[in-house]
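> sequence first, predicted model second:
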Amino acid sequence: MPLNGIVNTARSLGFYLRLQEVTANNLANANTDSFKSDHLSAERRPGERFPVPVRTLDLHQGAFRETGRPLDVSLDGPGFFVVGTPNGERLTRGGSMRLDTLGRLTDVHGDPLLGIEGPIVIQGSKVELEVDGTVWVDGVGVGQLRRETVAEPQRLLKEAAGRFVPVGERGIADSEVTRVRQGAVEEPNVDPMLSMVDLIAIQRAYQANVDALRTLDSVLGTVTNEVGRLPN
């Protein structure tokens, strides 16, 4: 019936709007270091009449870009660095770090990258990082970067600039599996060209559903008028 078709088409429009939002956000972050993309799918769940949009975080590792800059750090393998913020701890995959006025190693927002014993303070010229996160300054060990894993990564809450709010259990990353890389940043796991193609396809699908909705609305109007003309 036209009414069922209108309901189904309207739900499809809502799905394509959300899909467009997710894809556009991925594309907008195609130059954000260590950014992790999202994907949207429709899943049919018990008790639900219609498929439910489900957002999935894609944590697969991006390519590495060698910079040679001593304060550029990244993780090769699963896990996260830990950043201390005014709103609590946040997780990040790394990026271009810097030093604040206190000599603390910070992220681009000025929040300290945390070591096992607190912020890492660098007072010297030669900075070296080992694969387990140990930081050496002019040959003296000044701390070890925290590297953590999460038990349920899909529960992570995404924030701007590649940060995540930790949710659930966290553990220590295995140094044999997750290694710190110095002088390199992880690129976003977004394919800009593919995202652009997807965005165009989504917009076309959305417009097709708009056209279908107009047609169904016209049919429903015609049926309603004809019923109103039935003889008594």
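Done, it's in.

> give me every residue that touches the residue lying closest to residue 45 once chain neighbours are set aside.
Take residue 45 and drop its neighbours on the chain: the residue closest to it by Cβ to Cβ, 6 or more residues apart in numbering is residue 52, 5.5 Å away. C-beta here means a position set from N, CA and C on the backbone, and glycine is covered the same way. Taking Cβ atoms under 8 Å, 6 or more residues apart in numbering, we find residue 52 in contact with 42, 43, 44, 45.

> count of neighbours near the last one?
Right, residue 45. Using other Cβ atoms under 10 Å, residue 45 has 9 other residues around it.

> report the secondary structure state of it.
coil (DSSP: H, G, I helix; E, B strand; the rest coil).

> tell me how far it lies from residue 167.
Separation of residue 45 from residue 167 (Cβ to Cβ, to the nearest Å): 21 Å.

> likewise for residue 95?
Distance of residue 95 to residue 167, given as Cβ to Cβ: 22 Å.

> equivalent analysis for residue 40, please.
Here residue 40 is placed at a distance of 20 Å from residue 167 (Cβ to Cβ).

> so where's the protein shaky on pLDDT?
Along the chain, the parts satisfying pLDDT under 70 run over 1-7, 47-50, 216-232.

> domain map for it?
As assigned by the TED database, the chain contains the domains 1-58+190-228, 64-186.

> of the ones you listed, flag the one that's most buried.
domain 64-186 (a mean of 17; mean count of other Cβ atoms under 10 Å).

> distance between the ends of that one?
Taking Cα to Cα, to the nearest Å, the first and last residues of domain 64-186 lie 5 Å apart.

> is residue 195 in contact with residue 27, as I believe?
Yes - the pair residue 195 and residue 27 passes the contact test of Cβ atoms under 8 Å, sitting 4.3 Å apart.

> tell me if residue 90 really is in a strand.
Yes - under three-state DSSP, residue 90 sits within a strand.

> so it sits against residue 159, correct?
Yes - under the criterion of Cβ under 8 Å, residue 90 makes contact with residue 159 at 6.7 Å.

> shared neighbours, the two?
Residues touching both residue 90 and residue 159 (Cβ under 8 Å, 6+ apart) are residue 165.

> what about the most centrally placed residue in the chain, which SS state?
For the chain, the residue nearest the mean C-alpha position is residue 36 (3.7 Å; Cα atoms, centre = their mean). Under three-state DSSP, residue 36 falls in the coil class.

> same question, the one 3 residues further on
Local secondary structure at residue 39 is given as strand here, using three-state DSSP.

> for it, which non-adjacent residue is closest in space?
Using Cβ to Cβ, 6+ apart and skipping the chain neighbours, the partner closest in space to residue 39 is residue 56 (4.8 Å).

> surely that neighbour is in a strand?
Yes - judged by three-state DSSP, residue 56 forms part of a strand.

> so who does it touch?
So residue 56 contacts 38, 39, 40, 41, 154 (Cβ under 8 Å, 6+ apart).
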